[in-house]
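**Q** Predicted coordinates and the sequence they were generated for:
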2 protein chains.
Amino acid sequence: MLSKKTQYAFHALVHLAENVDKGPILISEIAQEKNISIKFLENILLELKNAGILGSKKGKGGGYYLMRPPKEIALAKIIRLLDGPIALLPCVSLNYYERCENCRDEAVCGLNEVMGKVRDSALKILENKTLKDILTRN
Amino acid sequence: MLSKKTQYAFHALVHLAENVDKGPILISEIAQEKNISIKFLENILLELKNAGILGSKKGKGGGYYLMRPPKEIALAKIIRLLDGPIALLPCVSLNYYERCENCRDEAVCGLNEVMGKVRDSALKILENKTLKDILTRN
DNA sequence: CATAAAACCTATAAAAAAGATAGACTAATA
DNA sequence: TATTAGTCTATCTTTTTTATAGGTTTTATG
């Protein structure tokens, strides 16, 4: 399961994407709209900003905004940033690989093989679906 | 990511499956072979037993054994038992569903839709692949 | 230039989950 | 009846997650 942090991030990003034309959006607005603790959300948005996904403006009339169009922000990127590996096992993770401590040889480990397939099938979706794809349907 | 508990369970089950013809297998043998804390493994095997996946025999000559042939034990079942939901979000979980607290209507939530697809693609593999499929390839 | 608005930053705390261990109990076998 | 091996329950430690607190900096504007 994705952490609350990542879940909140997705909802916040959706709100930002649905209001791209309205200039910078307040943290407090997002928090209220999406029912998220404002202080917790603050940290999350900051992290997204430091990763180059969001931009911000301070002071009156300030707030957060997307640095790129929604269709260029892949879901996988957000998950990896805030949650870490997408794979179910460290030994099949592309970005957070760790050697398996419990098997002798990953090259012949059947678990490794199957979990690699699960990773691929998830990535096929998460690398290609973007913020644009998770906006509210009407 | 799967918890250590689930990872250990898979490795233990593989060992049992690879030795079905040898009668009951000792916890201590599995622990040593797979490099797992024996006491921790004890709890895990007990949980698998209580779920009807393993059987056991006490006393000399005792140990654990599979209750069904490896090809009848789906990977999804093990994950759900020890790790809980396979889905990335509570609101798309088939077995551990929880309403989303952050969106107004799941029926029009794009995140819900995409994560549902991720769940389906993972389940397609995890419901169909069994213990037999994760044995060591030779 | 003073004020208020709003993001920034760092630290810490509280809660929950994960990982691991301890030790006494029960059943089976020889 | 001694030994072997799983059973049960409790506890402990560590890590991760979730959340909060409070001061700092930047910017717009009257």
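**A** Arrived safely.
**Q** tell me which element A:Leu81 falls in.
**A** helix A:75-83 (DSSP states H and E).
**Q** Tell me if that helix is near chain B.
**A** Yes - contact of helix A:75-83 with chain B (CB under 8 Å from any CB of the partner chain) involves A:Leu75. The C-beta positions use only the backbone N, C-alpha and C, and glycine is treated the same way.
**Q** swap in stretch A:97-105?
**A** Yes - applying CB under 8 Å from any CB, one finds stretch A:97-105 in contact with chain B at A:101-103.
**Q** any idea which of those has the most stuff around it?
**A** A:Cys103 (21 neighbours; other CB atoms under 10 Å in any protein chain shown).
**Q** Switch the residues of stretch A:97-105 next to chain B over to TSV; also include secondary structure and pLDDT.
**A** Rendered in TSV, the data for the residues of stretch A:97-105 next to chain B read as follows (DSSP: H, G, I helix; E, B strand; the rest coil; pLDDT from 0 to 100):
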residue	secondary structure	pLDDT
A:Glu101	coil	89
A:Asn102	coil	88
A:Cys103	coil	87
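**Q** close to DNA strand C, is the helix holding A:Leu81?
**A** No - judged by CB under 7 Å from any atom of the strand, helix A:75-83 and DNA strand C are separated, with a smallest distance of 13.3 Å.
**Q** cool, and stretch A:99-108?
**A** No - Stretch A:99-108 stays clear of DNA strand C (CB under 7 Å from any atom of the strand), getting no nearer than 9.5 Å.
**Q** Okay, buried residues for that stretch please.
**A** Buried residues in stretch A:99-108, counting neighbours by 16 or more other CB atoms under 10 Å in any protein chain shown, are found at A:100, A:102-103.
**Q** Likewise for stretch A:12-30?
**A** A:12-17, A:19, A:25, A:27, A:30.
**Q** Let's see the helix holding A:Leu81 as PDB, backbone CA atoms only.
**A** Taking C-alpha atoms only, helix A:75-83 is exported to PDB below (Å, rounded to 0.1, in the frame of the first residue of the first chain):
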ATOM      1  CA  LEU A  75       2.700   8.600 -11.400                       C
ATOM      2  CA  ALA A  76       5.700   6.300 -11.000                       C
ATOM      3  CA  LYS A  77       7.900   9.400 -10.300                       C
ATOM      4  CA  ILE A  78       5.700  10.600  -7.400                       C
ATOM      5  CA  ILE A  79       5.600   7.100  -5.900                       C
ATOM      6  CA  ARG A  80       9.300   6.600  -6.000                       C
ATOM      7  CA  LEU A  81      10.000  10.000  -4.600                       C
ATOM      8  CA  LEU A  82       7.800   9.700  -1.600                       C
ATOM      9  CA  ASP A  83       7.300   6.000  -1.100                       C
END
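**Q** Determine the set of other helices and strands touching it.
**A** helix A:4-17, helix A:38-50, helix A:110-126 (3 or more CB pairs under 8 Å, 6 or more residues apart in numbering or on different chains; DSSP states H and E).
**Q** next helix or strand past the second one?
**A** Downstream of helix A:38-50, the next assigned helix or strand under DSSP H and E is strand A:54-57.
**Q** does the following helix or strand past that following strand come close to chain B?
**A** Proceeding N to C from strand A:54-57, the next assigned helix or strand is strand A:63-66, under DSSP H and E. No - Strand A:63-66 does not reach chain B (CB under 8 Å from any CB); its nearest approach is 15.7 Å.
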